[in-house]
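Peer 1: Need a 3D model of the following:
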Amino acid sequence: MTPAGRAAPRSASASRGLALRHPAMIAALLGAAAIVVVSSSFVLFDTDLWQHLAGGREIWRLGHPPHVNLWTWPQYGEPAFLSSWAFRALIWPLWSWGGIPALFAWRWITTLALFAVLLAVARTLGARGLSAVLVLILAALDYRLRTSIRPESVAALLFALELWLLERQRRGAAPREAWWIVALGWTWANMHISYDLGLLLLGIYALDALVATGAPAAPRRARLALLLQVGAAVIAVSFLNPFGWTALWQPFQFALFWRHDPLIRTIGELQPLPPSLALASGLWAWPALAIARSWRRSWDVAEVAALLVFTGLAFSSTRFVGPWVLIAAPFVARDLAELLERIPAPPARVPLGLQSILILALGALVAWPQWTRPDLPLGLSVDPSTYPGAACDFIAAHGIRGRTLNDPHHGGYLAYRFGTDRERLPFISSQPEYARPEDRTGFLLALVRWDGWQALEERCRFDVVLLEREQDAADSLLDFLDRDPRFALVFADDAAELLIRRKRFPTLVDSFAYRVLPAGRESRYALTDAAESDSTLRRAAEAELDRMIAASPLSGGASHQRGYLALMDRDWDGARRNLERALRLDPLLPEVHEALGDVALTQGRPRDAVRELDLERRLHGPSPGLFYRIGVAWQQAGDLGRARASYRRELARDPGNEGARDSLERLTRQSRDGS
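Peer 2: Numbering: from 1, shown residues only. Got it, this is the predicted structure:
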């Protein structure tokens, strides 16, 4: 049999496919483009954006990429490598000219271009029908989290273009086309450290030329020689970058050394891909279709090699799920198209226009749960909780300078916000791999051990501490700072908490320090528990929480705590106002809808209570007694049938719930007596 990827004979799907100018194909592509644009329009949350903007600004200010550190105070002025320098130089003018709208336009254009090239690859492989459009829509949904403003957006487009050129070579395109890969490789080496994936692609297709059967040996040998020459040229031109071999060493340095660093291992996208997420992402589809195809034809060597290599990479790190999606999509489209061609056509064929509508409807149906995710809302903005904007406003307004300790996630924004003002630069950037090993280790130990914090503080003598308010499970640094009398909390919102050294800033401490409210999670829980029985403490905490809420519009955490203190005061309106504000800022807060439901019950608003309690159930699952309280609400609303059903659901979960049992028995007696 003839293997896939050979020039002849062409697959049935290719010969019976649709031209791009066919009205049904045009409609499908326009609809798919709309789905891709909407899917890539979620609120930006990637904190690396600010580091890229800070680097781009300096490139344009200096007229060349800086070769010294301008981003952190411990290494300021020391020789440094600036990764992805060409991407940073590219997006800074966009940001300067058009701000957020320009960045989103860039995002849409690059994503649409990426999937247009993947469509070209799929059609080159032979997938020329409408099913290829559906495959690309599904691939775009899997890929959507990689559509942030990152250098990977350009690297992905270069990856797809190289794949297209390599597939064209398999089909006998003019050898001169392959030399465009050299230009792609040079651009890639200056854009992102993932340039080695381009070399990997070349290796896969060289292997195909070497061992594949079913095509004359002479053309295969010529193609192999061409690809080897192109690969050698790519390696040679990749050295033409401002940082020479240092830039080319980066991906290998990361794979061999950095990824084993304890701090860098905490980065989410570097974790191995969980099997459950692999199933949800559809990683099973490609192997299944490739195996099914092998029963009809011999193996496509390039497909099998790409499948094995990129699936292995994807399971090793979720960062590689993006490249897996890109290379899988065209092959899946081809394999699916050929499989569909073998299914006998029904006597009454579905019109192509209707097929196009059905494919788009299915794509939108699959996309809808992604578009409505409360943790990934659609919108043309940057999530304000991901950067310490208001805290930096406070720093600027009050002239705070000094040695700053910060979370890596905030390092890029500090560098962007305060430029090259060394007295306001971060301790560590959003690319912690470029920090000194002792700084990475010291920061990680400070997060989890009191003596680790003491050692880091003794060595660095911080004046300012700016940390994320939301602590990971093992992160106790804010709790350590609550125990350290040298520092005082002077500002806090959902994005960050700002503490300053008391002796360095005595006037600011006198004016702005929180005397009752703590910085750390454990102390906040303890304060809420203590305030329940101590009304004096509760009044003091409420006053400081009101000040914290007034200081920043991003005060969901403070509103959350203030709402529960208001419940202790039986201030139902105050509790409702604060808890609703907390939910507007964080729609996924647990137990808050439940509390609002209880408030509504107390205030005689039973249908509002049902809505809030049901929202709690759908978002976080039913807590003990939840269905009982829903039953009480329906009973107050006069809907006795739903009340009985809710009591029964509670008893099915908890047969010992006396309130539900007694209420159900009373309703049953009333119903029997009434009849």
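
Peer 1: quick one: low-confidence ranges for the chain?
Peer 2: Residues of the chain meeting the criterion pLDDT under 70: 1-16, 214, 345-348, 673-675.

Peer 1: So which residue is dead centre in it?
Peer 2: In the chain, the C-alpha nearest the mean C-alpha coordinate belongs to Leu145, at 5.0 Å (C-alpha atoms, centre = their mean).

Peer 1: helix, strand or coil for that one?
Peer 2: Following DSSP: H, G, I helix; E, B strand; the rest coil, we place Leu145 in the helix state.

Peer 1: For Phe505, see how far away Arg515 is.
Peer 2: Applying C-beta to C-beta, to the nearest Å, the value for Arg515 to Phe505 is 16 Å. For every residue, glycine as well, the C-beta is placed using N, CA and C.

Peer 1: Please say which of these two ends up with more neighbours.
Peer 2: Phe505 (22 against 9; other C-beta atoms under 10 Å).

Peer 1: helix, strand or coil for the residue lying closest to that one once chain neighbours are set aside?
Peer 2: With sequence-adjacent residues excluded and distances taken as C-beta to C-beta, 6 or more residues apart in numbering, Phe505 is closest to Ile400, at 6.8 Å. Secondary structure, three-state DSSP: Ile400 is coil.

Peer 1: neighbours of Ile400, just the number please.
Peer 2: Ile400: 23 neighbours (other C-beta under 10 Å).

Peer 1: quick one: contacts for it?
Peer 2: When contacts are counted by C-beta atoms under 8 Å, 6 or more residues apart in numbering, Ile400 touches Phe394, Arg424, Val464, Ile500, Phe505, Leu508.

Peer 1: what packs against the longest helix along the chain?
Peer 2: Counting residues, the longest helix in the chain under DSSP state H turns out to be helix 85-125. For helix 85-125, the packing partners by 3 or more C-beta pairs under 8 Å, 6 or more residues apart in numbering; DSSP states H and E come out as helix 23-39, helix 48-62, helix 131-143, helix 152-170, helix 180-191, helix 321-341.

Peer 1: Kindly reformat those helices as TSV containing distance to Ala550.
Peer 2: Shown next, in TSV, are those (distance: least, C-beta to C-beta, whole Å):
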stretch	distance to Ala550
helix 23-39	37
helix 48-62	27
helix 131-143	41
helix 152-170	39
helix 180-191	45
helix 321-341	42
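
Peer 1: Was I right to think Trp284 contacts Ala278?
Peer 2: Yes: counting by C-beta atoms under 8 Å, Trp284 sits close enough to Ala278 to count as a contact (7.5 Å).

Peer 1: re earlier: how about the helices and strands packed on helix 85-125, which one is nearest Asp472?
Peer 2: Closest to Asp472 of the helices and strands packed on helix 85-125 is helix 48-62 (C-beta to C-beta; 18.8 Å).

Peer 1: hmm, who's touching the closest one?
Peer 2: Contacts of helix 48-62 (C-beta under 8 Å, 6+ apart): 65-66, 70-71, 82, 84-85, 87-93, 95, 148-151, 382, 387, 411-413, 415-417, 419-420, 429-431.

Peer 1: show me where the stretch 301-450 of the chain has strands.
Peer 2: 404-406 (DSSP state E, counting those that start in this stretch).

Peer 1: List the residues that contact the closest residue to Leu277 other than its chain neighbours.
Peer 2: Nearest residue to Leu277 in three dimensions, chain neighbours excluded: Thr318, at 7.4 Å (C-beta to C-beta, 6+ apart). Applying C-beta under 8 Å, 6+ apart to Thr318 gives the contacts Gly268, Glu269, Leu270, Gln271, Pro272, Leu273, Leu277.

Peer 1: Can you report how many residues lie near Gly126?
Peer 2: 25.

Peer 1: Pull out the buried residues from the contacts of helix 48-62.
Peer 2: Taking 16 or more other C-beta atoms under 10 Å as the criterion, what is buried in those is 65-66, 70-71, 82, 84-85, 87-92, 95, 148-151, 382, 387, 411-413, 415-417, 429-431.

Peer 1: I figured Phe427 was touching Asn406, is that so?
Peer 2: Yes: counting by C-beta under 8 Å, Phe427 does reach Asn406; the two are 5.6 Å apart.

Peer 1: what about the nearest residue to Leu136 once chain neighbours are set aside, distance to Phe87?
Peer 2: Closest residue to Leu136 apart from its sequence neighbours, by C-beta to C-beta, 6+ apart: Phe115 at 5.4 Å. Separation of Phe115 from Phe87 (C-beta to C-beta): 20 Å.

Peer 1: swap in Leu340?
Peer 2: Relative to Phe87, and taking C-beta to C-beta, Leu340 is found at 39 Å.

Peer 1: ok, back up a step: thought the residue nearest to Leu136 was touching Leu138?
Peer 2: No: using C-beta under 8 Å, Phe115 makes no contact with Leu138, being 11.2 Å away.

Peer 1: neighbour-wise, which of these two wins?
Peer 2: Phe115 (25 against 21).

Peer 1: which residues does the more buried one contact?
Peer 2: Residues in contact with Phe115, defined by C-beta under 8 Å, 6+ apart, are Ala32, Val36, Leu136, Ala139, Ala140.

Peer 1: Compare the contacts of Ile400 and tell me which is most surrounded.
Peer 2: Ranked by neighbours (other C-beta under 10 Å), those are led by Ile500, which has 28 neighbours.

Peer 1: So that one sits against Val509, correct?
Peer 2: Yes: assessed by C-beta under 8 Å, Ile500 is found in contact with Val509 at 6.8 Å.

Peer 1: shared neighbours of the two, which are they?
Peer 2: Ala488, Val490.

Peer 1: picking up where we left off before, can you list the contacts of Ile400 in TSV and add distance to Tyr647?
Peer 2: Output for these, formatted as TSV (distance: C-beta to C-beta, whole Å):
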residue	distance to Tyr647
Phe394	52
Arg424	60
Val464	56
Ile500	55
Phe505	59
Leu508	57
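
Peer 1: And those residues, which two are furthest apart?
Peer 2: Farthest pair in these, by C-beta to C-beta: Arg424 and Leu508, 15.1 Å.
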